[in-house]
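[1] need a structure here:
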Amino acid sequence: MGVIILLNKKPSHGYEIMKEIENRTKGFWAPTPGGVYPILRDLEKNGYIKGEWHTHKNRQLKIYKITPSGESILKQAIIKQSEIFSNMSNLFTEFTRDVLNIETAPPPPNIPSPFSPFLEDKNKDHETLQHLETHRKHLIASINTMRQRFREIDQKISEIKKQAPKTKETP
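    Residues are numbered from 1 along each chain as shown. Predicted coordinates for the structure are as follows:
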């Protein structure tokens with residue numbers, strides 16, 4: 001998925017794709033030619049990308065670019081993964097509420113995605129005012145929920161201490 005997302009941003013050759021993936025994942029995924037080139041071949045065989053040979057500094061490089069079919073499948077995949085992460089977030093919220101008996105603040109609207117490093121444009125400022133304000137509201141709601149939970153726990157501790165038999169202290 002990351003490969004086709006990168007090719008959606010700009011045509012690239014295999015080595016360039018490997019380096020970009022490594023940079024975007026901060027070294028978490030350092031793809032090898034044995035991992036990337038079969039992906040490129042499969043994407044090309046399925047018509048999602050097209051490779052053309054170019055000469056650069058007396059070297060032959062195959063430059064890959066996304067096709068309209070690739071753009072279509074990419075859009076479908078991003079929509080699907082957004083639905084999956086939204087459903088996972090809803091399940092977690094239900095679990096914390098119903099099983100752990102903890103009311104949580106609603107999840108932030110921008111649920112993290114494993115594809116986020118590939119979808120982000122490194123040259124843009126991702127910390128928009130709207131994003132920061134939304135994140136701030138979520139944190140405030142979470143803090144208020146935790147404060148309420150602390151009050152409830154403190155009250156229970158106080159009740160338990162009142163009910164506990166008092167022991168004599170020895171001098």
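
[2] C-alpha only now, for contacts and for neighbours.
    Fine.

[3] residues of the longest helix seen in the chain that come out buried?
    Criterion DSSP state H: the longest helix present in the chain is helix 129-163. For helix 129-163, burial by neighbour count (16 or more other Cα atoms under 10 Å) applies to 135, 138, 142, 145-146.

[4] ok, which stretches of this structure are strands?
    12-13, 49-56, 59-66 (DSSP state E).

[5] Run a quick check on P31 versus E22, I expect a contact.
    Yes. Applying Cα atoms under 8 Å, one finds P31 in contact with E22, separated by 6.9 Å.

[6] sorry, back to before: same list (the strands of the chain) but as CSV, adding distance to Q81.
    CSV is the format used below for these (distance: least, Cα to Cα, whole Å):
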stretch, distance to Q81
strand 12-13, 25
strand 49-56, 21
strand 59-66, 20
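
[7] now, of those, which is deepest in the fold?
    When the strands of the chain are scored by mean count of other Cα atoms under 10 Å, the highest mean neighbour count falls to strand 12-13 (a mean of 20).

[8] list the helices and strands it packs on?
    strand 59-66 (3 or more Cα pairs under 8 Å, 6 or more residues apart in numbering; DSSP states H and E).

[9] relative orientation of the strand it packs on and strand 49-56 in degrees?
    In this structure, strand 59-66 runs at an angle of 150 degrees to strand 49-56, with axes from the mean of the first three to the mean of the last three Cα atoms, to 10 degrees as the basis.

[10] can you list the residues that contact strand 59-66?
    4, 7-8, 10-14, 48-55 (Cα atoms under 8 Å, 6 or more residues apart in numbering).

[11] Which helix or strand in this structure has the lowest average pLDDT?
    Least confident helix or strand of the chain, by mean pLDDT, DSSP states H and E, is helix 116-119 with a mean of 60.

[12] Which strands and helices lie in contact with the longest helix of the chain?
    Using 3+ Cα pairs under 8 Å, 6+ apart: helix 129-163 touches no other helix or strand.

[13] which stretches of the chain have low pLDDT?
    103-128, 131, 135, 166-171 (pLDDT under 70).

[14] Sounds good, over and out.
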